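Chemist: Got a predicted structure plus its sequence, pasted below:
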Amino acid sequence: MPPLLDKTTDQRIVHHGTWEQFKFIQKGFDGSPGMRLFYYDGTIEILIPGQDHEALID
């Protein structure tokens, strides 16, 4: 059986949009700890860390 750390439960959502859409999405995630948002050249990426990250932080 492979070690647990070789697998990830992270979720990534990629959306093509504008800077204004990115800022709107970012505002919607205010107060959501651990959520990461990125914008580059018309691509919006949302990273939702999985439980493996939570286990390492506790």
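Modeler: Everything's here; your move.

Chemist: Next, count neighbours for F22.
Modeler: Using other CB atoms under 10 Å, F22 has 20 neighbouring residues. Glycine gets a C-beta too; all of them are placed from N, C-alpha and C.

Chemist: what residues are up against the residue nearest to it when sequence neighbours are not counted?
Modeler: Excluding its sequence neighbours, the residue lying closest to F22 (CB to CB, 6 or more residues apart in numbering) is Y39, at 4.3 Å. Taking CB atoms under 8 Å, 6 or more residues apart in numbering, we find Y39 in contact with 19, 22, 45.

Chemist: Could you tell me which of these belong to helices?
Modeler: Members of these lying in helices (criterion: DSSP state H): 19, 22.

Chemist: Show me which residues of whichever helix or strand Q26 is part of are buried.
Modeler: Per DSSP states H and E: Q26 is located in helix 19-28. Across helix 19-28, burial judged by 16 or more other CB atoms under 10 Å covers 22, 25.

Chemist: Can you tell me the strand partners of the helix or strand following it and which way each runs?
Modeler: Using DSSP H and E, the helix or strand that follows helix 19-28 in sequence is strand 36-40. Strand pairing for strand 36-40, using DSSP bridges, gives strand 43-48 (antiparallel).

Chemist: Only C-alpha atoms, please: export the partner strand in PDB.
Modeler: Coordinates of each C-alpha in strand 43-48 appear next as PDB, following Å, rounded to 0.1, in the frame of the first residue of the first chain:
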ATOM      1  CA  THR A  43      -7.200  31.900 -15.800                       C
ATOM      2  CA  ILE A  44      -8.700  31.700 -12.300                       C
ATOM      3  CA  GLU A  45      -7.600  28.800 -10.200                       C
ATOM      4  CA  ILE A  46      -9.300  27.900  -6.800                       C
ATOM      5  CA  LEU A  47      -7.400  25.500  -4.600                       C
ATOM      6  CA  ILE A  48      -9.300  23.800  -1.800                       C
END
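
Chemist: what's the average pLDDT for that strand?
Modeler: Mean per-residue pLDDT for strand 43-48: 94.

Chemist: Could you list the residues in contact with it?
Modeler: Against strand 43-48 from outside (CB under 8 Å, 6+ apart): 10-17, 21-22, 25, 29, 34-39.
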